[in-house]
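Q: show me how the following folds:
(one chain, ligands or ions: 1)
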Amino acid sequence: MTATLLERRDELVAVLGSARSSGGRVGLVPTMGALHGGHLSLVRRAAAEATTVAVTIYVNPLQFGKGEDQDLEHYPRDLDRDLEAASAAGADLVFAPPAAEMWPEPPLTRVHVAGLTDRWEGAARPGHFDGVATIVTKLLALAGPCLAYFGEKDFQQLAVVRRLVADLSLPVEVVACPVVRDPDGLALSSRNARLGAEERTVAPRLYAALLAGRRMVEDEEATDPGDVEAAMRAVLEAEARFEADYAAVVRPGDLSRPEAVAGTLRLLAAARLGGVRLIDNLPATSPHPEEA
Ligand code: PAF
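A: Coordinates of the predicted model:
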């Protein structure tokens, strides 16, 4: 069945409000459209866990910073295709508001999650996470879901959303869904479509760098996080077309760098390939427990 397409905020509030009052559990999947297998895995998970699944499609200008106007302008938009894909994955409704409906007036408000947003992607894209946090807060306010689904592919975004939900005591459970990869390991992303054929063949090196880092952590080959980071960078930079941005060992909660390789960690990597910036991450657990 085709999901109901809504464009107005008041319709979304009314439809989901009535789903809640008849005892339903609303699951929200916020997206910017150009739906791929990663998004659809979130929709399928929501369909298995919630009684009403709402997918939002909104290319959020607030999260595109200086120098990213082209990315915003050329962001792939194909609502008919997205509606069909979301419906087939189990969405009950798709909320795709025009910009003037989302923000009748340019917003003066920003939601800022301090600290967490300064590093890694936040350092490379100043203001990006304020834009994400602001739109996610607004979507949660409009939809009032019990469950909200986010992919681990954007691991820092997930951490930011978790923190804002905790800090503001928003009554929603954030559900983290694993990264979906192509068979060669490349994490699915709408940016992959912008890779040339040659670039696409070398793109899985980003995943290979993370796997090399994870092996070092799990096999206790390093105690200094810097050594793991250097090894990941070396894998990336062995391919001249890659320009590494960061390769980092972090604590999964606040994304800070640990003193030593110990406990449960997350490996993050970002690199430019041609004109396309790719990000990816993997969990890694050291046999050494983290010191209290
Ligand atoms: O991950 C995304 O697609 C976006 O950052 C989100 C969460 C939909 C906010 O615009």
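Q: contacts, neighbours, all on C-alpha from now
A: OK.
Q: roughly how far does the residue nearest to residue 33 when sequence neighbours are not counted sit from the ligand?
A: With sequence-adjacent residues excluded and distances taken as C-alpha to C-alpha, 6 or more residues apart in numbering, residue 33 is closest to residue 57, at 5.0 Å. Distance of residue 57 to the ligand, computed by C-alpha to the nearest ligand atom, to the nearest Å: 7 Å.
Q: where does the stretch 151-292 of the chain have low pLDDT?
A: Filtered on pLDDT under 70, the stretch 151-292 of the chain yields the residue ranges 292.
Q: that older thread, touching, the residue nearest to residue 33 and residue 32? I think so.
A: Yes: taking contacts as C-alpha atoms under 8 Å, residue 57 lies within contact range of residue 32: 4.8 Å.
Q: of those two, who's got more company?
A: Just comparing residue 57 and residue 32: by other C-alpha atoms under 10 Å the higher neighbour count belongs to residue 57, 23 against 17.
Q: which ones are touching the more buried one?
A: For residue 57, the set of contacting residues under the criterion of C-alpha atoms under 8 Å, 6 or more residues apart in numbering consists of 30-33, 94-97.
Q: same question for residue 189.
A: Counted by C-alpha under 8 Å, 6+ apart, residue 189 has contacts 36, 38.
Q: how about residue 132?
A: Applying C-alpha under 8 Å, 6+ apart, we find residue 132 in contact with 60, 62-63, 157.
Q: so what's whichever residue of the stretch 1-150 of the chain sits closest to the ligand bridging to?
A: Of all residues in the stretch 1-150 of the chain, residue 31 sits closest to the ligand, at 3.6 Å by C-alpha to the nearest ligand atom. Here residue 31 sits in beta bridges with residue 57, as judged by DSSP bridges.
Q: excluding chain neighbours, what is closest to residue 58?
A: Computed as C-alpha to C-alpha, 6+ apart, the closest residue to residue 58 that is not its neighbour in sequence is residue 32, at 4.7 Å.
Q: what count of nearby residues applies to residue 138?
A: Other residues near residue 138 number 14, with proximity taken as other C-alpha under 10 Å.
Q: give me the distance between it and residue 189.
A: From residue 138 across to residue 189, the span is 24 Å (C-alpha to C-alpha, to the nearest Å).
Q: for residue 22, same thing?
A: 36 Å.
Q: and residue 280, that's in a strand?
A: Yes: secondary structure assignment places residue 280 in a strand (DSSP: H, G, I helix; E, B strand; the rest coil).
Q: how about it, what does it touch?
A: When contacts are counted by C-alpha under 8 Å, 6+ apart, residue 280 is found next to 153-154, 187, 206-207, 268-270.
Q: quick one: the strands in the stretch 1-150 of the chain?
A: Listed in chain order, the strands of the stretch 1-150 of the chain (DSSP state E, counting those that start in this stretch) span residues 4-6, 26-31, 52-57, 93-95, 147-151.
Q: as CSV, those strands with distance to residue 107 would be great.
A: Formatted as CSV, the entries for those read as follows, by distance: least, C-alpha to C-alpha, whole Å:
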stretch, distance to residue 107
strand 4-6, 22
strand 26-31, 19
strand 52-57, 19
strand 93-95, 20
strand 147-151, 23
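Q: the ones you listed: which one's closest to residue 229?
A: Nearest to residue 229 among those is strand 147-151; the distance by C-alpha to C-alpha comes to 23.7 Å.
Q: the helix or strand following the closest one versus strand 147-151: what angle between them?
A: Secondary structure here is assigned by DSSP states H and E; on that basis, the next helix or strand after strand 147-151 toward the C-terminus is helix 155-167. For the pair helix 155-167 and strand 147-151, the angle between their directions (axes from the mean of the first three to the mean of the last three C-alpha atoms, to 10 degrees) equals 160 degrees.
Q: quick one: check helix 155-167 for contact with the ligand.
A: No: contact between helix 155-167 and the ligand is absent, the nearest approach being 7.1 Å (criterion: C-alpha under 6 Å from any ligand atom).
Q: counting by contacts, list what that helix packs against.
A: Under the contact criterion of 3 or more C-alpha pairs under 8 Å, 6 or more residues apart in numbering; DSSP states H and E, helix 155-167 touches helix 128-143, strand 173-177.
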